[in-house]
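1. give the three-dimensional model of this entry:
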Amino acid sequence: MVEISEKKERALTALQIAVDRATAFFAGVNANLFDGYQTAHEVLAQLVFWQWEHVRVARMLLAGQNPDLLAGPLPALNRAACAQRRSMTMSELIARLAAQQQELDALLRDLADWTIDFPIKQGGRPCTVEDRVLALAVSIENHVAQLKRAAVARQMRSTLN
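-> Below you'll find the predicted structure:
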């Protein structure tokens with residue numbers, strides 16, 4: 001059986017790798033790259049927003065408090081995240097994501113019980129800390145992958161023209 005500390009380390013490592021890949025990708029991509037749904041800037045703004053929510057909830061869990069959770073459908077929350085960060089540059093967003101990741105990593109390392117529920121918004125399904133961290137890593141990786149596919153498609157279209 002895998003020790004809890006090993007699972008914790010694997011999950012934290014997966015999240016760090018996802019954030020590192022994302023920051024490297026966003027550092028070299030045009031903010032207006034469009035994946036058919038949103039621009040790279042909008043995706044990064046949402047990643048920063050959700051990373052901050054994870055930090056906020058982790059702080060509350062660490063303090064033994066019930067987190068005050070966001071309410072509303074994900075698309076509306078994501079639109080609000082984009083609107084709030086519209087004036088930020090890609091560099092500012094990248095720096096914010098990296099700093100928030102450092103803070104989240106430290107908070108999660110201090111959180112002893114990873115079997116507790118780590119909620120992120122009202123109405124969400126129960127999710128252990130480990131599963132929440134892995135879900136965040138996968139979400140980041142998926143957003144970056146979708147934008148990478150959009151960049152390849154854009155390159156192919158320009159080559160054909």
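2. what helix or strand does the most centrally placed residue in the chain sit in?
-> Centroid-nearest residue in the chain: L47, 4.2 Å away (criterion: CA atoms, centre = their mean). With elements taken from DSSP states H and E, the one containing L47 is helix 40-62.
3. tell me what that helix is packed against?
-> helix 4-27, helix 74-84, helix 90-110, helix 129-160 (3 or more CB pairs under 8 Å, 6 or more residues apart in numbering; DSSP states H and E). In this view, the C-beta of every residue, glycine as well, is placed from N, C-alpha and C.
4. can you tell which of the ones you listed is closest to G123?
-> helix 74-84 (10.3 Å; CB to CB).
5. now do the closest one against helix 40-62, angle only.
-> Between the axis of helix 74-84 and that of helix 40-62 there is an angle of 110 degrees, by axes from the mean of the first three to the mean of the last three CA atoms, to 10 degrees.
6. using CSV, list the CA coordinates for helix 74-84.
-> What follows is helix 74-84, C-alpha atoms only, in CSV (Å, rounded to 0.1, in the frame of the first residue of the first chain):
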residue,chain,number,x,y,z
LEU,A,74,-18.8,27.6,-13.8
PRO,A,75,-19.2,29.5,-17.0
ALA,A,76,-20.4,32.6,-15.1
LEU,A,77,-17.6,32.3,-12.6
ASN,A,78,-15.1,32.0,-15.4
ARG,A,79,-16.5,35.0,-17.2
ALA,A,80,-16.2,37.0,-14.0
ALA,A,81,-12.6,35.8,-13.5
CYS,A,82,-11.7,37.0,-17.0
ALA,A,83,-13.4,40.4,-16.5
GLN,A,84,-11.6,41.0,-13.2
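7. could you pull out the buried residues of that helix?
-> 77-78, 81-82 (16 or more other CB atoms under 10 Å).
8. N66 touches M60, doesn't it?
-> Yes: assessed by CB atoms under 8 Å, N66 is found in contact with M60 at 7.2 Å.
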